[in-house]
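Chemist: Have a look; sequence and predicted model below, questions after that.
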Amino acid sequence: MTVQDETALEKESGTRPDALGIGGLTLGIGGVPLLDGVTVRVGRGETVGLVGESGSGKSLTARAALGMFPRGARATGSVTVAGVDVLAAGRAALRDLRRTRASMIFQDPRAAINPVRRVGDYLTEGLRARGVPSREAAATALELLDQVGIRDPRGALRRHPHEFSGGMLQRVVIAGALSTEPDVLLADEPTTALDVTTQAEVIALLKEMQRTRGTGMLFVTHDLDLAAAICDRVYVMYAGRIVEEAAGTALFSAPAHPYTKALLEASPSVRGERTEIKAIKGRPRSLAEAPSGCAFRDRCPLAGEDCAPSVPAMRAHGTSAVACVRPEEVAR
Ligand SMILES: Nc1ncnc2c1ncn2[C@@H]1O[C@H](COP(=O)(O)OP(=O)(O)O)[C@@H](O)[C@H]1O
Ligand code: SF4
Ligand SMILES: [Mg+2]
């Protein structure tokens, strides 16, 4: 099914599928498991966080939404963007999807823009690929640059990436990612490389741009405090699995998984590194090196014999869902 077919189907039925739906995604390379049953949903206009230490599988999950898998990877489960089946899509349909329905922003804006091309060309190419006439595309680019707070937007169109600071260039990338009015925006650590003040400005801008357009956003970060503060809902990942799903506010006040609690207690300088997190022993595990049963059990202060036989299933706990056998013992 092409993207056009899908749009027609939408019009006919009058339904609007979720911006992003990942269901039971399992992924491995050459027999090495990397993701196990990852389920993530992003509604229209919703901001959803995906958090966990480095190596937990956040980027693999976000990239799956665009049909971007590592070489040799085998994926099972389901991935849909605005109802389009990503796992079944051929090359042309995937190209179409990335041009019209799903955009991604990475940590380093300089890696996203070809350094020898002018910002104006970068911003208009997606629009022109959709058949928007050059003049109209240029006008839209100008408007977008103004909206993302670039001074002298007309002059900026003619400039090259190296003439912008990292923060300003990330604003340009945000403008480009939203220029095609995608259904879903995948933001993978979009502000990690920026200084704290610029980080706050870029996040505020990103949220405003996304909200006013009704774009669903999956915000990937190792910073749980940040995710809890800006996201409607947050998924917490550990060793290639989702271990908790909660409203941003609930995560702060009542973490239900021992790992979530440990992340909240960890100092920001330690988070994101493959080192010990405060109040918890050991380092993060990949899925391949994790113990059987609950992958967190060799680091968990509440671990018992009942955590070993099988992987705990996600179950409701208050307003959250958690993959732990005794969430009631996890108080903040
Ligand atoms: N191309 C790849 N080939 C083999 N292993 C990979 C590849 N990409 C990621 N991995 C492994 O998958 C796990 C999750 O990686 P990733 O999704 O990048 O983590 P995160 O974004 O949470 O830091 C890590 O153990 C990483 O080493
Ligand atoms: S299932 Fe057991 S080991 Fe895993 S997080 Fe819960 S208490 Fe800890
Ligand atoms: Mg990553």
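Modeler: Sure, I can see it. Numbering: from 1, shown residues only. Ligands and ions are numbered 1, 2, ... in the order given.

Chemist: who's residue 245 bridged to?
Modeler: Beta-bridge partners for residue 245, by DSSP bridges, are residue 235, residue 321.

Chemist: pretty sure it is touching residue 237, no?
Modeler: No - at 10.4 Å, residue 245 does not count as touching residue 237 under the criterion of C-beta atoms under 8 Å. To be clear about C-beta, it is placed using only N, CA and C from the backbone, and glycine gets the same treatment.

Chemist: so what sits against both of these two?
Modeler: Common neighbours of residue 245 and residue 237 are not found (criterion: C-beta atoms under 8 Å, 6 or more residues apart in numbering).

Chemist: what pLDDT does residue 253 get?
Modeler: On pLDDT, residue 253 comes in at 86.

Chemist: can you tell me how far it sits from ligand 2?
Modeler: Separation of residue 253 from ligand 2 (C-beta to the nearest ligand atom, to the nearest Å): 19 Å.

Chemist: Please report phi then psi for that residue.
Modeler: phi -80, psi -30 (degrees, to the nearest 10).

Chemist: can you count the residues close to it?
Modeler: Residue 253 has 10 neighbouring residues, counting by other C-beta atoms under 10 Å.

Chemist: quick one: it and residue 325, what's the gap?
Modeler: With distances taken as C-beta to C-beta, to the nearest Å, residue 253 is found 22 Å from residue 325.

Chemist: which stretches of this structure form strands?
Modeler: 20-29, 32-42, 47-51, 73-81, 84-85, 102-105, 184-188, 216-221, 233-238, 241-247, 315-317, 320-322 (DSSP state E).

Chemist: Dump these to TSV, plus mean neighbour count and mean pLDDT.
Modeler: Formatted as TSV, the strands of the chain follow (neighbours: other C-beta atoms under 10 Å; pLDDT from 0 to 100):
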stretch	mean neighbour count	mean pLDDT
strand 20-29	20	98
strand 32-42	20	97
strand 47-51	26	97
strand 73-81	18	97
strand 84-85	20	96
strand 102-105	24	95
strand 184-188	25	96
strand 216-221	27	96
strand 233-238	26	97
strand 241-247	25	97
strand 315-317	14	95
strand 320-322	23	97
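
Chemist: ok, now which ones touch the residue in the stretch 101-250 of the chain that ligand 2 sits nearest to?
Modeler: Residue of the stretch 101-250 of the chain nearest ligand 2, by C-beta to the nearest ligand atom: residue 243 (7.3 Å). By C-beta under 8 Å, 6+ apart, residue 243 lies in contact with 236, 237, 257, 259, 260, 296, 322, 323, 324.

Chemist: now, among those, which is nearest to residue 96?
Modeler: residue 237 (29.0 Å; C-beta to C-beta).

Chemist: Residue 95: what's it in contact with?
Modeler: Per C-beta under 8 Å, 6+ apart, neighbours of residue 95: none.

Chemist: so what pLDDT did it get?
Modeler: What the model reports as pLDDT for residue 95 is 92.

Chemist: pLDDT wise, what is residue 177 at?
Modeler: With respect to pLDDT, residue 177 scores 91.

Chemist: thinking it is in contact with residue 105, fair?
Modeler: Yes - the criterion here is C-beta under 8 Å, and residue 177 meets it with residue 105 at 5.2 Å.
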